[in-house]
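Asks: I would like to see how this sequence folds:
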Amino acid sequence: MTYDKLAVRLAQILMRFNNGGRFSLEELASEFNVDIRTIQRDLNQRLSFMPIKKENGKYFLESFALGKLSVKDIQNFAMLSGIQELYPKLDEDFITDLLNSKVNSIFMIKNNGFEKVDYENFKIISVAILKHNILNFNYKEKSREVKPYKLLNYQGIWYLIADEKDKLKHFTFSKIKNIRKNDEIFTPKEEFLDQILNDKNIWLDDSKEAIVKLDKKAKEHFFRKNILNNFELIDEDEQSYTLKVYFSYDDELLNVVKQWILYMKIEKPFELKEKLDSILKDYLEN
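Replies: Now for the predicted structure:
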């Protein structure tokens, strides 16, 4: 089953539930031309965070959640829940907050691979974004106080987009430590909301560079899918392209190269090439 088909099915199931529908496993399996076990997996695993109830053999959405989701929200939920590792397990209280707000006011997903994240920290940040609470945490051995705007998944890495001292910055989620939600409330700035909405990746500081070789066998899929968002083609020969890639965080590039390991290799810097070699060696040994 492809990811696209899964996301479409989940979106359609959510849409039906959101409109007040009640369905049996058999009805859903027949409608989507899948077996009952697949529908059970959809409801019990992929959509386990949704307040779905079962009564007299019929599944339906709790009344407090009915009609709360827009089409865009449902598409985002389906995309998120379609890949379990991309989205941490959510409890009912948290999903109720999401249902009563708008999921796309919290998350931006530009998925190309994914990392596991700490659920509690993810929840604290998400609630703070919903309720406009100021956050305090340690980051790169410094104490920070920020106004959170968005959780961004970019090339598989989660970032917090936040206002620190009147400047919009990104913070790598995995490096955020000792996070605390402040009771103090802030009012989001329209200019920052517009920047996040319209400027896509402009807030990510592409200050790092790497030279990457790409096998021409992969060129059609690679360039059609926009696998790398910021690069220059600087040379080519009969077998490969030489790319200068701009990125902000090592794992942003490493995750892509790992997915394309048969067709891509890092030439420079040596430290990044060595880091990738070490990751692959550990993987093979374990």
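Asks: show me where the stretch 51-200 of the chain has strands.
Replies: Using DSSP state E, counting those that start in this stretch, the strands of the stretch 51-200 of the chain run over 52-55, 58-61, 107-110, 133-139, 142-154, 157-164, 167-172, 176-185.
Asks: For the second one, give me every contacting residue.
Replies: Contacts of strand 58-61 from elsewhere in the structure, counted by CB atoms under 8 Å, 6 or more residues apart in numbering, are 17-18, 20-25, 28, 43, 50-53. C-betas here are computed from N, CA, C, even on glycine.
Asks: and that strand, how far from the chain's centre?
Replies: In terms of CA atoms, centre = their mean, to the nearest Å, the centre of strand 58-61 is found 28 Å from the chain centre.
Asks: what's the nearest residue to Lys140 if we skip its chain neighbours?
Replies: Excluding its sequence neighbours, the residue lying closest to Lys140 (CB to CB, 6 or more residues apart in numbering) is Lys175, at 6.5 Å.
Asks: Weed out the non-buried ones from the contacts of strand 58-61.
Replies: 17-18, 21-23, 25, 28, 43, 50-52 (16 or more other CB atoms under 10 Å).
Asks: so of those residues, which ones are in strands?
Replies: Among the buried ones among the contacts of strand 58-61, the residues falling in strands (DSSP state E) are Ile52.
Asks: Show me the buried ones among the contacts of strand 58-61 that map onto helices.
Replies: 17-18, 25, 28 (DSSP state H).
Asks: Greatest separation within those residues: which pair is it?
Replies: Asn18 and Leu25 (18.8 Å; CB to CB).
Asks: Arg144: which of the buried ones among the contacts of strand 58-61 is nearest?
Replies: Lowest distance from Arg144 to these (CB to CB) belongs to Met50, with 33.3 Å.
Asks: Val127 contacts Asn182, correct?
Replies: No. Applying CB atoms under 8 Å, one finds Val127 not in contact with Asn182, separated by 11.9 Å.
Asks: outside of the one helix or strand Glu31 maps to, which residues touch it?
Replies: In this assignment (DSSP states H and E), Glu31 forms part of helix 25-32. By CB under 8 Å, 6+ apart, the residues outside helix 25-32 that reach it are 9, 12-13, 35-36, 38-40, 42-43, 59.
Asks: Buried only: go through those for me.
Replies: By 16+ other CB under 10 Å, these give 9, 13, 38-39, 42-43, 59 as buried.
Asks: could I get the residues you listed as TSV with pLDDT?
Replies: Shown next, in TSV, are the buried ones among the contacts of helix 25-32 (pLDDT from 0 to 100):
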residue	pLDDT
Arg9	80
Ile13	85
Thr38	91
Ile39	93
Asp42	85
Leu43	86
Tyr59	92
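Asks: any idea how far Asp42 is from Glu55?
Replies: Taking CB to CB, to the nearest Å as the measure, Glu55 and Asp42 are separated by 18 Å.
Asks: can you check Glu191 too?
Replies: 41 Å.
Asks: ditto for Leu152
Replies: 27 Å.
Asks: do the same with Asp215
Replies: Distance, Asp215 to Asp42, by CB to CB: 37 Å.
Asks: Lys169 too?
Replies: Distance from Lys169 to Asp42, by CB to CB: 38 Å.
Asks: now do Gly21
Replies: For Gly21 relative to Asp42 (CB to CB), the value is 14 Å.
Asks: What residues sit buried inside the helix holding Glu31?
Replies: For helix 25-32, a neighbour-count test (16+ other CB under 10 Å) marks 25, 27-29, 32 as buried.
Asks: Tell me the helix or strand right after it.
Replies: helix 36-41.
Asks: gap between that next one and the chain center?
Replies: Its chain's average C-alpha position is 25 Å from that of helix 36-41, according to CA atoms, centre = their mean.
Asks: Report the contact partners of the residue lying closest to Lys208 once chain neighbours are set aside.
Replies: Leaving aside its chain neighbours, Lys208 sits nearest to Phe247 (5.2 Å; criterion: CB to CB, 6+ apart). By CB under 8 Å, 6+ apart, the contact set of Phe247 is 206, 208-210, 230, 253.
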